[in-house]
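In: I would like the atomic coordinates for the input below:
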Amino acid sequence: VYELLHVLEFTSSRKRMSVMVRNPENQLLLLCKGADSVMFERLSKHGQQFEAETRRHINRYAEAGLRTLVIAYRELGEDEYRIWEKEFLKAKTSVTSDREALVASAAEKIERDLILLGATAVEDKLQKGVPECIDKLAQAGIKVWVLTGDKMETAINIGYACSLLRQEMKQIVITLDSPDMEALEKQGDKENITKVSLESVTKQIREGISQVNSAKESKVTFGLVIDGKSLDFALDKKLEKMFLDLAIDCASVICCRSSPKQKALVTRLVKGTGKTTLAIGDGANDVGMLQEADIGVGISGVEGMQAVMSSDYAIAQFRFLERLLLVHGHWCYRRISMMVKLP
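Out: Residues are numbered from 1 along each chain as shown. This is a model prediction of the structure:
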C-alpha cells in the first residue's frame, strides 16, 4: 500500500500535477504528469534516456487526434523532503495575497530532475453533429476560431475532423518548437530566449502576411495555426495588430496550447475590432473567455458546471449552437428591429 503524503494540484499555468507517496519499501517518491511542453524541460540528465522515442510516440498519438500526457518520477531523500515539506506547508497555510505564488514556487523547487517513465494517450471524440454545425456557421458568414489547450498536432487533426481545416487550404503555422529553441532553453539564458523568440514570431507573422497578400487574386484560402509560446509574443502590444491582421485574413484560426488567460486575451483582441464575439466552452479553462466575449455560451457535461455558471446561455451539446444562432438568434434580432422601428 502506498501512503499519499501531498498533492500538488494542477493549474493552467503549471500544466502539470504531482503526488508525493511513500511506497511499501519506505521510499519517498514524487510522481508527476503533465503536458510535454513543461515536462521534458524538467527531466534530469540521467532521466532523458527515452526522451527522443517518447517525443516520437507523442507526436504520432497527437497526429491521430489523441490527447497526450507525459509521466515522470523522482526519488526523494528524507532530509530533502522534510525541508521542502516545511516550506510547502508554510506556503499552503499562508493568508497573504500571494499564497498561490508561494505554493507554485514550492512546487517548482521539488518538480525537477525527474526521470521519464513514458506517455499516455486518451481519445476524446468530437460530439455528434460538430462538423455539420461548424459548416453551417461558416456558410452563414460566421468566422470560427478554435482556442484549445491541446497539443498542435492534436488541434490540427481535430481541425480537419470538424471541417475547420480543409485539404485545399494552405496552412500558416507559427511555432517556437524548433531544435534551435530547444537548445537555447537547455542553456537557460532567459533574456536571449525572449529576444530570439520575439524575432522568430515577428518573422513568421510577416511571412504569413506576405503569403496571404500574394494569393489575394487567387481563390486560395488559408488556415492559421499558432502555439501557446508564440501566442504569448503575438499578443504583445508591438505585435498584436500585425497578428490580428493576419488572423482576420485567414479562413480559420487555431490557437493551441492556450492558457485560460490567452483565450480571454484573444477574445478581447477580436472584440476590439468592433465585431460581435461569441465564445463557447465547457470547462473551467474557458470561463475567462466566456466572460470576455459579448455572448458566452456554456456547454453542460462531463467537464463540470463552471462554464455554464459563467455564461449567458447554456446548451447541452455543441450542435445546438446552430439552432440557437441561426433560428432563435435570427428571430430575436428580427423582433428587436421591428420593435425599434415602431413609432
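In: Residues contacting stretch 290-298, please?
Out: 264, 267-268, 271, 276-282, 286, 289, 307-315, 321, 324 (Cβ atoms under 8 Å, 6 or more residues apart in numbering). Using the backbone N, CA and C atoms, a C-beta is placed for each residue, glycine as well.
In: What segments of the protein are strands?
Out: In the chain, the strands defined using DSSP state E lie at 3-8, 16-22, 28-34, 66-76, 115-123, 145-147, 170-174, 222-226, 252-255, 278-281, 295-299, 313-315.
In: Residue 120 contacts residue 68, correct?
Out: Yes: the criterion here is Cβ atoms under 8 Å, and residue 120 meets it with residue 68 at 6.9 Å.
In: Look at those two and report which has more neighbours.
Out: Between residue 120 and residue 68, counted using other Cβ atoms under 10 Å, the more crowded position is residue 68 (21 against 14).
In: How confident was the prediction at the more buried one?
Out: Model confidence at residue 68, given as pLDDT, is 92.
In: Do I have it right that it meets residue 119?
Out: Yes: counting by Cβ under 8 Å, residue 68 touches residue 119, with 5.8 Å between them.
In: How far away from the center of its chain is stretch 165-183?
Out: Put simply, stretch 165-183 sits 16 Å off its chain's centre (Cα atoms, centre = their mean, to the nearest Å).
In: Dump the C-alpha coordinates for that stretch into PDB.
Out: Coordinates of each C-alpha in stretch 165-183 appear next as PDB, following Å, rounded to 0.1, in the frame of the first residue of the first chain:
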ATOM      1  CA  LEU A 165      -9.400  22.900 -41.900                       C
ATOM      2  CA  ARG A 166      -9.700  21.500 -45.400                       C
ATOM      3  CA  GLN A 167      -7.300  19.700 -47.700                       C
ATOM      4  CA  GLU A 168      -7.300  22.600 -50.200                       C
ATOM      5  CA  MET A 169      -6.300  25.200 -47.600                       C
ATOM      6  CA  LYS A 170      -2.800  26.400 -47.100                       C
ATOM      7  CA  GLN A 171      -1.600  26.200 -43.500                       C
ATOM      8  CA  ILE A 172       0.400  29.100 -41.900                       C
ATOM      9  CA  VAL A 173       2.000  27.500 -38.800                       C
ATOM     10  CA  ILE A 174       3.600  29.800 -36.200                       C
ATOM     11  CA  THR A 175       5.600  27.900 -33.700                       C
ATOM     12  CA  LEU A 176       8.600  28.100 -31.400                       C
ATOM     13  CA  ASP A 177       9.100  24.400 -31.200                       C
ATOM     14  CA  SER A 178      12.400  24.000 -33.100                       C
ATOM     15  CA  PRO A 179      15.700  22.400 -32.300                       C
ATOM     16  CA  ASP A 180      17.400  25.800 -32.100                       C
ATOM     17  CA  MET A 181      14.800  27.000 -29.400                       C
ATOM     18  CA  GLU A 182      15.200  23.700 -27.500                       C
ATOM     19  CA  ALA A 183      19.000  24.200 -27.400                       C
END
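In: Give the buried residues for it.
Out: Going by neighbour count (16 or more other Cβ atoms under 10 Å), the buried part of stretch 165-183 is 165, 169, 172-176, 181.
In: what does stretch 149-169 give?
Out: Here stretch 149-169 shows 149-159, 162-165, 169 as buried, counting by 16+ other Cβ under 10 Å.
In: before we move on, back to that, got any residues that touch both of residue 68 and residue 119?
Out: Counting by Cβ under 8 Å, 6+ apart, the shared contacts of residue 68 and residue 119 are 36, 58, 61.
In: rewinding a little: which among the strands of the chain is found nearest to residue 138?
Out: Shortest distance between residue 138 and these, using Cβ to Cβ, is found for strand 252-255: 8.7 Å.
In: Can you spell out the domain ranges of this protein, please?
Out: Here the domain assignment for the chain is 3-122, 126-341, based on automatic domain parsing.
In: Distance of residue 159 relative to residue 12?
Out: According to Cβ to Cβ, to the nearest Å, residue 159 and residue 12 sit 22 Å apart.
In: before we move on, back to that, would you mind giving the strands of the chain as a markdown table with distance to residue 134 added?
Out: Listed next are the strands of the chain as a markdown table, based on distance: least, Cβ to Cβ, whole Å:
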| stretch | distance to residue 134 |
| --- | --- |
| strand 3-8 | 37 |
| strand 16-22 | 31 |
| strand 28-34 | 30 |
| strand 66-76 | 20 |
| strand 115-123 | 20 |
| strand 145-147 | 9 |
| strand 170-174 | 17 |
| strand 222-226 | 13 |
| strand 252-255 | 9 |
| strand 278-281 | 11 |
| strand 295-299 | 14 |
| strand 313-315 | 15 |
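In: quick one, helices of the stretch 101-250 of the chain?
Out: Ranges of helices in the stretch 101-250 of the chain, per DSSP state H, counting those that start in this stretch, are 130-139, 152-161, 179-187, 190-214, 228-234, 240-249.
In: for the fifth one, the distance to its chain's centre please.
Out: When C-alpha coordinates are averaged (Cα atoms, centre = their mean), helix 228-234 and its chain have centres 11 Å apart.
In: and if you look at stretch 121-138?
Out: Using Cα atoms, centre = their mean, the mean C-alpha position of stretch 121-138 is found 18 Å from that of the whole chain.
In: Let me know the angle separating the lowest-mean-pLDDT helix or strand in the chain from helix 190-214.
Out: In the chain, the helix or strand scored least confidently by mean pLDDT, DSSP states H and E is helix 179-187, which has a mean of 74. Angle, helix 179-187 to helix 190-214, by axes from the mean of the first three to the mean of the last three Cα atoms, to 10 degrees: 160 degrees.
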